[in-house]
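Asks: What follows is a predicted protein model with its sequence.
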Amino acid sequence: MSKDNIISLENPEGKADVLTSLLRSGARELIKKAVQSELAEFLSQYEDMIDSEGRPLVVRNGYLPQRELMTGIGPVDIKVPKTRDRGGQGIHFRSELLPPYIKRTKSVETVLPWLYLKGISTGDFSEALAALLGKDAKGLSAGTISRLKQCWVNEYDDWRTRDLSKESYVYIWANGIYFNIRSDDAKQCILVIIGVTSRGDKEFLAIEDGYRESEQSWAEVLLSLKDRGFRSPKLAVGDGALGFWKAVRKVFSQTRSQRCWVHKTANILNKLPKHSQAKTIYP
């Protein structure tokens, strides 16, 4: 890929960047879970404070008014929870991650794509959250990071094992994606399958680690989909990776295959000098 000389072409339709929308939604959930974890730690400090009937004196009490936090990928709506002190001792929750005065983050622009490509681990999560909320942000204890990491892992496990039998997918796109950031093992890649329902809705069906784009790796992904109720699609679209096509023929023998025209065009353009590429696309 380092030898590719393909020029970037602007999207002529000016459609919204789907990945940006996905990242923005992910940022909202990340902030929400971080503050909820911070609140849980705060309440645990006063769990022994109870009234004569055994009820806790410091409890949750709704949310502060929603406000907007400007990030490097656009505005993100946030809500900070409140607490109530029934004992009248002036105990109130104050988020160290999202203090009332913060309206804008300065270091989020590069961390979200990095977080998306890098993946989540305990050490990396801590660094990512610090970059997201500011290097001086408090509340990023090891326990908080571990709970957040486990939450993401559980959500991914639930997603990758979900039932697919109730939906009908007409065709699928498949591609293997290599990230330079995963330089520890150049043979590893991410195998991605996107399905299109009979209604025309696009959905991610699989995002799995694979050994290059081998037949065995693709077969394991396809068999996993099949085991969860995924039925043979009418059409599979992919690049020139032979491993995928061999796997499709074995797992879904009735599915027709189609070479992805975007990959085909890229292969052709890569053989041309840059000054000829635009003329080829727009003669």
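Replies: Nice, thanks for sending it over. Residues are numbered from 1 along each chain as shown.

Asks: pretty sure Leu222 is in contact with Lys246, am I right?
Replies: No - between Leu222 and Lys246 there is no contact under CB atoms under 8 Å: 10.8 Å. All C-beta atoms are positioned from the backbone trio N, CA, C, and that covers glycine.

Asks: Settle it for me: which of those two has more neighbours?
Replies: More neighbours surround Leu222 than the other of Leu222 and Lys246, with 26 against 15 (other CB atoms under 10 Å).

Asks: In space, what's closest to the more buried one - neighbours in sequence excluded?
Replies: The shortest distance from Leu222 to any non-neighbouring residue, by CB to CB, 6 or more residues apart in numbering, is to Val251 (4.2 Å).

Asks: got the contact list for that neighbour?
Replies: 219, 222-223, 226 (CB atoms under 8 Å, 6 or more residues apart in numbering).

Asks: where does the stretch 101-250 of the chain dip in pLDDT?
Replies: 101-149, 179-187 (pLDDT under 70).

Asks: 50 instead, please
Replies: Under the criterion pLDDT under 50, the flagged ranges of the stretch 101-250 of the chain are 106, 108-113, 116-117, 120, 133-140, 182.

Asks: Output the contacting helices and strands for the strand or helix carrying Leu30.
Replies: Here Leu30, judged by DSSP states H and E, is contained in helix 18-44. When contacts are defined as 3 or more CB pairs under 8 Å, 6 or more residues apart in numbering; DSSP states H and E, helix 18-44 packs onto strand 58-63, strand 67-71, strand 74-78, strand 81-85, helix 111-118, helix 122-133, helix 142-160.

Asks: Show me which positions of whichever strand or helix holds Gln216 end up buried.
Replies: Assigned by DSSP H and E, Gln216 falls within helix 215-227. For helix 215-227, a neighbour-count test (16 or more other CB atoms under 10 Å) marks 215, 217-222, 224-225 as buried.

Asks: Which single one of these is nearest to Tyr178?
Replies: Closest approach to Tyr178 among the buried residues of helix 215-227 (CB to CB): Ser217, at 13.0 Å.

Asks: number of nearby residues for the closest residue to Ile91 other than its chain neighbours?
Replies: Among residues not flanking Ile91 along the chain, Asp85 sits closest, at 4.4 Å (CB to CB, 6+ apart). Residue neighbour count, defined by other CB under 10 Å, stands at 16 for Asp85.

Asks: Tell me how far Asp85 lies from Glu38.
Replies: Distance check for Asp85 against Glu38: by CB to CB, to the nearest Å, it reads 18 Å.

Asks: ok, now Gln254?
Replies: From Gln254 over to Glu38 the distance is 52 Å, taken as CB to CB.

Asks: so who does Gly195 touch?
Replies: The neighbours of Gly195, taking CB under 8 Å, 6+ apart as the test, are 169, 171-172, 202-203, 205, 230, 233.

Asks: What of Glu203?
Replies: For Glu203, the contacting residues are 167, 169, 194-197, by CB under 8 Å, 6+ apart.

Asks: Show only the entries of these found in helices.
Replies: Assignment to helices by DSSP state H places none of the contacts of Glu203 there.

Asks: filter those to the buried ones?
Replies: 167, 169, 194-196.

Asks: Tell me which two of these sit farthest apart.
Replies: Using CB to CB, the buried ones among the contacts of Glu203 span at most 13.3 Å, a distance reached by Glu167 and Ile194.
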